[in-house]
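predicted model and sequence below, questions to follow.
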Amino acid sequence: EDQVTQSPEALRLQEGESSSLNCSYTVSGLRGLFWYRQDPGKGPEFLFTLYSAGEEKEKERLKATLTKKESFLHITAPKPEDSATYLCAVQAANNDMRFGAGTRLTVKP
Amino acid sequence: NAGVTQTPKFQVLKTGQSMTLQCAQDMNHNSMYWYRQDPGMGLRLIYYSASEGTTDKGEVPNGYNVSRLNKREFSLRLESAAPSQTSVYFCASSEEYSRAGYTFGSGTRLTVV
């Protein structure tokens, strides 16, 4: 069965303190791995899609990377406005999409 | 750009009551989805519609029904609400094989007492 596990569940950083979030997955034929940002009381907002091992995508202070078993979301010099829950999802070859439980990131000024 | 619009935003039901959650998208997407989100769990698919006129069960369909009214609208109905259906419900839409993931609505927070 396809599985997505995100760690840690919660992460507290000081402003400027870089770190990484992890998304480990098992899937029958990876069609794509997706990262979303979710603010409290709102729906998830799309950030990146990664398709193959070795691929990287960047957006402002965020960089997503992909291996055959996991993906990392690196946050460089985070700001308080980066505080949110970050969700990872994998899409299998049969188009089924499975979401992880998310990592709740808090960045303190 | 409205994107995906869900109504209502909040609802409290008594056990056994029924209600319909409404969802509409204005992006001309073929595929639409209903998810529920519970603390400590990932988004779980309830039902989806790959195109107008078709619907299929997801991971957790029991206790729910859906209607794809037209290309824009996809509704979720709880016929007899149970406390286990207390959750936040999200509607989403996408193009088939989209590289841009799903576009989500802002959610409906449902409490069943």
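That came through fine.

what segments of the chain are strands?
Assuming you mean chain A. Secondary structure of chain A (DSSP state E): strands at A:3-7, A:10-14, A:19-26, A:30-38, A:45-50, A:56-59, A:62-66, A:70-75, A:84-92, A:97-99, A:103-108.

that answer is for a different chain, and I need it for chain B
Using DSSP E, strands in chain B cover B:4-7, B:10-13, B:19-25, B:31-37, B:44-49, B:56-57, B:64-68, B:74-78, B:87-94, B:103-104, B:108-112.

the ones you listed: which one's closest to chain A?
Nearest of the strands of chain B to chain A, taken as Cβ to the nearest Cβ: strand B:103-104 at 3.2 Å. (C-beta placed from N, C-alpha, C; glycine too.)

can you give me how far that closest one is from the chain middle?
Distance of strand B:103-104 from the chain centroid (Cα atoms, centre = their mean, to the nearest Å) equals 11 Å.

can you check stretch A:68-84 too?
With Cα atoms, centre = their mean, you get 7 Å for stretch A:68-84.

center of chain B - which residue?
Nearest to the geometric centre of chain B sits B:Trp34, at 2.8 Å (Cα atoms, centre = their mean).

burial check on B:Gly105, number of neighbours?
Look at B:Gly105: counted by other Cβ atoms under 10 Å in any protein chain shown, it has 25 neighbours.

which residues sit in contact with the one residue in chain A that gets nearest to chain B?
In chain A, the residue found nearest to chain B is A:Gly43; the distance is 3.2 Å by Cβ to the nearest Cβ. Contacts for A:Gly43 (Cβ atoms under 8 Å, 6 or more residues apart in numbering or on different chains) come out as B:4, B:90, B:92, B:104-107.

can you redo these as a markdown table with pLDDT and distance to B:Asn30?
Conversion of the contacts of A:Gly43 to a markdown table gives the following (pLDDT from 0 to 100; distance: Cβ to Cβ, whole Å):
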| residue | pLDDT | distance to B:Asn30 |
| --- | --- | --- |
| B:Val4 | 97 | 14 |
| B:Phe90 | 98 | 18 |
| B:Ala92 | 97 | 13 |
| B:Phe104 | 97 | 16 |
| B:Gly105 | 98 | 17 |
| B:Ser106 | 97 | 22 |
| B:Gly107 | 97 | 22 |
